[in-house]
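Generate a structure from the sequence data that follows.
(2 chains)
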There are 2 protein chains.
Amino acid sequence: MSLIHALLGKPLATSEERAEHIGPIAGIPVFGLDALSSAAYGPEAALTLLIPLGMMGVAHIVPISFAIIGLLVVVFFSYLQTIDAYPHGGGSYTVASENLGSTAGLFAAAALMIDYILNAAVGISAGVENLVSAFPSLQPHLLAICLFILAVLTLINMRGVKDTGTAFLFPTYLFIGSLLTVIVVGGIRAIVAHGHPTAIVAPPQLPRGTSYLAFWLLLKVFASGCTAMTGVEAVSNGVNAFRAPTQKNAKKTLTIIIVLLMIFLAGIALLSRAYSIAATDPTSAGYQSVLSQLIAAVMGRGWFYYVSIGSILAVLALSANTSFADFPRLTRAIADHDYLPHVFRIRGRRLLYTHGIYALVGFTALLLIGFGGVTDRLIPLFAIGAFLAFTLSQAGMVIHWKRQGGPGSIRRMLVNGFGAVATGITLLVVLIAKFTAGAWITAILIPCLIILMIAIKRHYRSVAQQVAVDHRIDTEHLVEPLVIVPLDRWTRITEKGLRFALKLSDEVQAVHVDAEECCREVQENWRRNVAAPLLEAGRPVPELVLLGSPYRFVVMPLVDYILKIELERPERQIAVMIPELVVRNWWQAPLHNQRAQLLKLMLLLRGNQRIIVINIPWYL
Amino acid sequence: MSLIHALLGKPLATSEERAEHIGPIAGIPVFGLDALSSAAYGPEAALTLLIPLGMMGVAHIVPISFAIIGLLVVVFFSYLQTIDAYPHGGGSYTVASENLGSTAGLFAAAALMIDYILNAAVGISAGVENLVSAFPSLQPHLLAICLFILAVLTLINMRGVKDTGTAFLFPTYLFIGSLLTVIVVGGIRAIVAHGHPTAIVAPPQLPRGTSYLAFWLLLKVFASGCTAMTGVEAVSNGVNAFRAPTQKNAKKTLTIIIVLLMIFLAGIALLSRAYSIAATDPTSAGYQSVLSQLIAAVMGRGWFYYVSIGSILAVLALSANTSFADFPRLTRAIADHDYLPHVFRIRGRRLLYTHGIYALVGFTALLLIGFGGVTDRLIPLFAIGAFLAFTLSQAGMVIHWKRQGGPGSIRRMLVNGFGAVATGITLLVVLIAKFTAGAWITAILIPCLIILMIAIKRHYRSVAQQVAVDHRIDTEHLVEPLVIVPLDRWTRITEKGLRFALKLSDEVQAVHVDAEECCREVQENWRRNVAAPLLEAGRPVPELVLLGSPYRFVVMPLVDYILKIELERPERQIAVMIPELVVRNWWQAPLHNQRAQLLKLMLLLRGNQRIIVINIPWYL
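This next block holds a predicted model:
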C-alpha cells in the first residue's frame, strides 16, 4: 500500500473535493496544452503544402493564417457563451444532446472519444519524433519511448488534477515565454528594418516559384492549418474542475489560451513572410521545422534556441495530457446517460474517474502499437472528430439561444450559426482531403461506436425494467430450500457442509458421483457416521443419492441431477452446498482439484433463478 | 464437441479398459522407439570422438560396441526379472522406492522425469535437424517445425495407447526392416570378400592415424556410446499397458527390442570396420552421418537409400513418443505416493492420464523454445537421468532378491549387482565428461525437483491430517446462521436475496455501504417496502445497518463489518448473501460492476471457517 501511496498519493475523501479545484494558472497547462502546442504543427502543416510554390507560397501563409484566426475567434465566442450556459461542463456532447437530440449527441460523443484518443497518441508520437530527430540513435526505440511516456503520463494523472497542473506548469510557461519572446523580438526587428529584417542564422534560400494558388490547394492548405484549432473544446468540457467562481475562472482560462494561440499563429505567419521561411521536405536530409528556422533566424543558435526547442518537444509530448484531463469527464457524462458502462461513473481513490483513464491509456497504447508510433500515419485520422464536435456544438447553441429567446439572442444565434457553417465546411474539406489517406477509418469508427453505445443503453434499460421495483417485499411462501450436498468422501469438510445443510433445512440430499468405483465404502461410511447418529438424535436423516459415471466425469452428472431435481420440485428453491478448500499459499492451489470452481461455473451457466450456490470454505 | 470427438476419438468408459491393451506388435512402436532409434545416434556419438585417431580409430569401435552390448545384456536380464517381480509396472521409481527407501525413489523419480522430457525434446529436435540438413531452406523455421511436430504427437497421443501404436507401426517397421537388410546384405558381402568388401559408394578416404587410445578418451567414447542405451527402461515401466498374459507379452516385447538393438549396434560396428567408415566432422561442409555412409556403401544411392534415410528421420522424430507413453504413467505412480499433484492420477476421457501429457508437452515446449530447438545444446543434459535410474533400479533389485531369498537368488543378486556397478560407473563417467557442457543443469535440477516433491507430500499429509476423519457427525448446536445481506438499492435482486435470507434464519442484517450518499433514500425504501410488510405479516424485521464510506470504497467497509460481527458473535455461523447478476452474453459482463466477485474473493482471503458465502444468481 505504501508504494501505491508514494506513486499515486494518499486517497482523498469525498469531502476533500473542493481542495482539488484549480484556477487559471494551473488551468492553462491542464486544459490548454493541446490547443497551444498545435501552434507548433498547424502552420507547419499548412506551409508544407505550399512548398511547391517556393518563395511565393510563403506570402500566402499570412491571409490563410488570418482566416484560421477568424474561425478561431468565432469558435472562441461560441465557447464563451457555452460556458455561461453550461456551468457544470458543456462539452459538445452535452450541448448537442440537450439541444439537437440524442442522435446528434451520440455523434458528438463518438467523434470526441476518437479525437481524444488520437490526440494522446499523436501528441506523444510527435514529441518523441522530434526527440528522435535530435538524437537519431534512439530511432529503433521509437515505440518503446512512446509507451514509456504514456506510462509516465498515466502515473502523473492518476495522482489527480491538481498535481497534474503543478507538474506541467514549468514546461508550459517556458514554451509560452520563449515563443512570445521570439515573436516580440522578431516583430520589433522587422518593424525597425521596414519589413525586411536580416536573419542571424539565415534560412535556406528559396526558389522564386509561382504566386498562382489553385482553389483546391488553397482549401487543402486551409484544412491542414486548421489542425491548429484542435483542443479548443477542452475548457468548456471541464468547467467544473475550476474553483469558484467557476465560470469566471473557466472563461478567463479559455480567453488566455485563445489569445495566446492567436498571437502565436499571427506571429509565426508574419515572421515567416518577413524572414522568407518556408517548410522543408520532411523526407529529405536537410529537414528543419519551421519553428526551428524561425527561432534561429530571430535569436541565433545560442542557449535560447536549445531551451526553446526543448520546451517545444516537452509541450508536444505533454499535450497528450489534455486527453487525460477531458476523456474521463466525457466518458463519465456519456455513462451518466447509460450509453457507456457504469464503471466510468465511479470515482477512484483520488476522486478521478479512474476507469476513463484506463480506457484512454489502453486505446492509446493500442493505437501507438498498431501504427508503430509514427505520427504521419495517425494524422489523417485526426481533426475530423474535433470539427464534427465544433459543428454539432455550435449548431446546438443556435437552438439553445432560439429556445431561450430574450435580448441579444438573435445576435448570438447569428454568431453561432456562422461558426457552425464555417466549421461544417471545414469538416467537409478535411474529410474529403484526407479520406483516402486514413480519414475513412474515423468515418467507419464513428457509426460503429454509435451502434455500440445504443446497444449498451438498450441493455441497461432492459435490466432496469427487470430489476427495478418500488414494491413491497413478498412475505408469502417463505419455505426452507431443498439442500443438495455433493459428497466425495467422508471428511471434516463434508461434515461441515452437511451440518450447515441441516441447519438450513429439513430436506437435505447428499449426492455421490461414483467416478472412482468406491460406492460401497461411501455407503458404509454414511450408514455409520451420518445415518446412525442422526437417528439417535431423533433428527430426519438426509437421503444419500448415488450417481453412476461410466466416463469418470464428476461435475456433469451432478449438474444434470440438480437440474432434474429442479424440474421435479417446482415449488422449492434448490440450494447447492459447495465445499471449497482454501489453501494458505498460491502454489498449493494446483495440488487440489478445481471441481468446486467448475461446478459453480456450470451451475451459473446452466442454472436458473431457483438454484442457489452456497460456498462452504475450509481453511487449512 | 464433434470436433473434439473427431480429433481425439470418442470418450471411453471405464469398463472399456481391457480393449485398450496392446500386444508386442504394437508394443514395439509404443515402448521401443526410444531404444531402437538410439542406434542412429549412439555409434555416431562414439565414432565422432574417435575422429582424431583416423583409420585406426575405426577399429576401436568394435570392442567398445561389444562392451556396450555386454552392459545392455546385463540391463536386459535385470529388467526381465523386474517385469516378473512387478507385474503392474516396475519402473526404476517403483523398484527403488520399494527396496531402497523413499529417498532413493525420489532420486529415480526426478531423474526419470527429467530424462523423459529431455528425450522428447532431443528426439524431436534431432529428427527436425536431419530434415533441415536435407532441406536447408527450412533452417529459419527450425523451432516452428519442432513445435508443430510436438503438437502432432500430442494429438496422436491424446487418442490413446492403441491408436498411437497403430500410427507408428509403419515407420517403425520400415526402419527396422531397412536397417536389418543393410546389416545382412553387408554382412554377407563382407564374409564373401573375406572381411574386405568393396563399397558401392565409397566412404571418404581416411588418414592412417595412430592406433594409440588414451584411457580418458576410451572412457569418453564409451560414455558417448552409452546414449544408445537410453529408453530401455520403458517396457518395464509400462507393463500394465499390455494385454493378458501381461508379463509374458511385456517380456516378449522387451526381448525383441533388446535383440534388435544388439543386432543394430554389433552390425553397425562390424560393418563400419569392414568398410572403413568413420564419423565426419558435423561442423564441416562435407558432413555425412555414419548410417548414411554405411547404407550408401552397402546398397548404393538408389531408392533404398532414400527410403532408409527417410525412415531414420521419421523414427528419430517419433522416438519422442516413448516419453508420451511413459511419462504420464510415471507421474501417476509418483502422484499415487502424494509426491506430485493428484491431478496426475485422474484418467481423462480416453482413459489416459491426461494431465501427465499436458505437463510433458508444456515442459518439452519450454525446453525446445529455451534451447532454440538445437540438439547439440540439449544432449549434454541427457543420459544422466537414464543411468541414475538404471543404477538405482538394479541396486533396488539386489535388495529385492536378498529379501526374497530362495533358490537362484544369489545368482540373481550377482547379475543385478554387477549391472548396478557397471551402470553406476558409467553414470560417473557421463557426469564428469559432460559436467561443464551442461550436465550441471541436470545435477542441480534433480535435487530441486526432490525438494519440491517432498514439499508436496508434506502438504498432502497435513491436509489429510486436518480433514480426514472416521468419526460420527456432530448433531449438537444445529442453530440457524446469522445472515448478512449487502444492500445497494431496493431492486428485485435485493428482494430475492432478502427473501432467501428470511427462509434460512430469523436473524438477518441488511448492510448498506453509503459510498454514493443516498442513505436517506435507502432508509425510506426500507421502511416502506420491507419493515412495514414484515410487521404486518407478524414476522421479525431484519436490522438495517448503515456504514459510512468517506473514500467511496464499497467492498472494504463491508468485509470489515462482517469480520467485526464474526468476532462479536462467536456462537453463530455467519452467512453472507451475495446477489449476482448473470448476463446472457459475455459482452454484457463489463456493463455491470464486479463487486460481487471482489466481495467473494475478499471474504475467501480474509474470512475464516465460520463465514459462509451464499450466491444468489439473478438471470436477466
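
Run through the residues that contact the residue of the stretch 301-450 of chain A found nearest chain B.
Proximity of the stretch 301-450 of chain A to chain B (Cβ to the nearest Cβ) peaks at A:Pro341, 4.8 Å away. All C-beta atoms are positioned from the backbone trio N, CA, C, and that covers glycine. By Cβ atoms under 8 Å, 6 or more residues apart in numbering or on different chains, the contact list for A:Pro341 reads A:Ala335, A:His355, A:Ile456, B:Pro590, B:Leu591.

What are the neighbouring residues in contact with the first one?
Neighbour list for A:Ala335: A:Pro341, A:His342, A:Val343, A:Phe344, A:Arg345 [criterion: Cβ under 8 Å, 6+ apart].

What strand or helix carries it?
Assigned by DSSP states H and E, A:Ala335 falls within helix A:321-336.

got the CA coordinates for that helix in PDB?
Output of helix A:321-336 as PDB, limited to C-alpha atoms (Å, rounded to 0.1, in the frame of the first residue of the first chain):
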ATOM      1  CA  ASN A 321      -2.400  15.300 -21.300                       C
ATOM      2  CA  THR A 322      -5.400  17.300 -22.400                       C
ATOM      3  CA  SER A 323      -6.900  13.900 -23.300                       C
ATOM      4  CA  PHE A 324      -6.200  12.700 -19.800                       C
ATOM      5  CA  ALA A 325      -7.900  15.700 -18.300                       C
ATOM      6  CA  ASP A 326     -11.000  15.500 -20.500                       C
ATOM      7  CA  PHE A 327     -11.600  12.000 -21.800                       C
ATOM      8  CA  PRO A 328     -12.600  10.600 -18.300                       C
ATOM      9  CA  ARG A 329     -15.000  13.600 -17.900                       C
ATOM     10  CA  LEU A 330     -16.500  12.900 -21.300                       C
ATOM     11  CA  THR A 331     -17.000   9.200 -20.700                       C
ATOM     12  CA  ARG A 332     -18.500   9.900 -17.300                       C
ATOM     13  CA  ALA A 333     -21.000  12.200 -18.900                       C
ATOM     14  CA  ILE A 334     -21.900   9.600 -21.600                       C
ATOM     15  CA  ALA A 335     -22.100   6.800 -18.900                       C
ATOM     16  CA  ASP A 336     -24.500   9.000 -16.900                       C
END
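
ok, then the element right after that helix?
Immediately after helix A:321-336, counting by DSSP H and E, sits helix A:354-370.

how big is the angle separating that next one from helix A:321-336?
Per axes from the mean of the first three to the mean of the last three Cα atoms, to 10 degrees, the angle that helix A:354-370 makes with helix A:321-336 is 120 degrees.

Pull the distance from helix A:354-370 to the chain's centre.
Distance of helix A:354-370 from the chain centroid (Cα atoms, centre = their mean, to the nearest Å) equals 7 Å.

before we move on, back to that, now the contacts of A:Pro341 in JSON lines, please, with extra columns for pLDDT and distance to A:Ile432.
Output for the contacts of A:Pro341, formatted as JSON lines (pLDDT from 0 to 100; distance: Cβ to Cβ, whole Å):
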{"residue": "A:Ala335", "pLDDT": "90", "distance to A:Ile432": "34"}
{"residue": "A:His355", "pLDDT": "88", "distance to A:Ile432": "36"}
{"residue": "A:Ile456", "pLDDT": "91", "distance to A:Ile432": "32"}
{"residue": "B:Pro590", "pLDDT": "77", "distance to A:Ile432": "37"}
{"residue": "B:Leu591", "pLDDT": "78", "distance to A:Ile432": "37"}
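
can you put the contacts of A:Ala335 in TSV and add pLDDT?
As requested, those are exported to TSV (pLDDT from 0 to 100):
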residue	pLDDT
A:Pro341	89
A:His342	87
A:Val343	85
A:Phe344	86
A:Arg345	84
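
which one of these sits closest to B:Leu599?
Within the contacts of A:Ala335, the smallest distance to B:Leu599 is 16.0 Å, found for A:Val343 (Cβ to Cβ).

What sits closest to the closest one if chain neighbours are left out?
Nearest non-adjacent residue to A:Val343, counting by Cβ to Cβ, 6 or more residues apart in numbering or on different chains: A:His355, 4.4 Å away.

Correct me if wrong: that neighbour contacts A:Ile346.
Yes - judged on Cβ atoms under 8 Å, A:His355 makes contact with A:Ile346 at a distance of 6.5 Å.

So these two - more neighbours on which side?
A:His355 (22 against 19; other Cβ atoms under 10 Å in any protein chain shown).

contacting residues around that one?
The contact partners of A:His355, by Cβ under 8 Å, 6+ apart, come to A:Pro328, A:Thr331, A:Pro341, A:Val343, A:Phe344, A:Ile346, A:Gly348.

now, the most widely separated pair of those residues?
Pairwise across the contacts of A:His355, and taking Cβ to Cβ, the largest span is found between A:Pro341 and A:Gly348, at 15.0 Å.

okay, now whichever residue of the stretch 101-250 of chain A sits closest to chain B: neighbour count?
Scanning the stretch 101-250 of chain A for the residue nearest chain B gives A:Gly160, at 13.6 Å (criterion: Cβ to the nearest Cβ). Counted by other Cβ under 10 Å, the residues lying close to A:Gly160 total 18.

Could you do A:Gly417 as well?
Around A:Gly417 there are 17 residues (other Cβ under 10 Å).

do A:Leu206 as well
For A:Leu206, the count of nearby residues is 16 (other Cβ under 10 Å).

Just give the closest residue to it, not the sequence neighbours.
A:Met55 (4.1 Å).

what do you get for A:Ala359?
Leaving out its chain neighbours, the residue that sits closest to A:Ala359 by Cβ to Cβ, 6+ apart is A:Thr331, at 6.6 Å.

Same question for A:Leu174.
A:Ser311 (4.2 Å).

tell me the angle the one helix or strand that neighbour maps to makes with helix A:321-336.
Assigned by DSSP H and E, A:Ser311 belongs to helix A:303-318. Computed by the same axes, to 10 degrees, the angle separating helix A:303-318 from helix A:321-336 equals 20 degrees.
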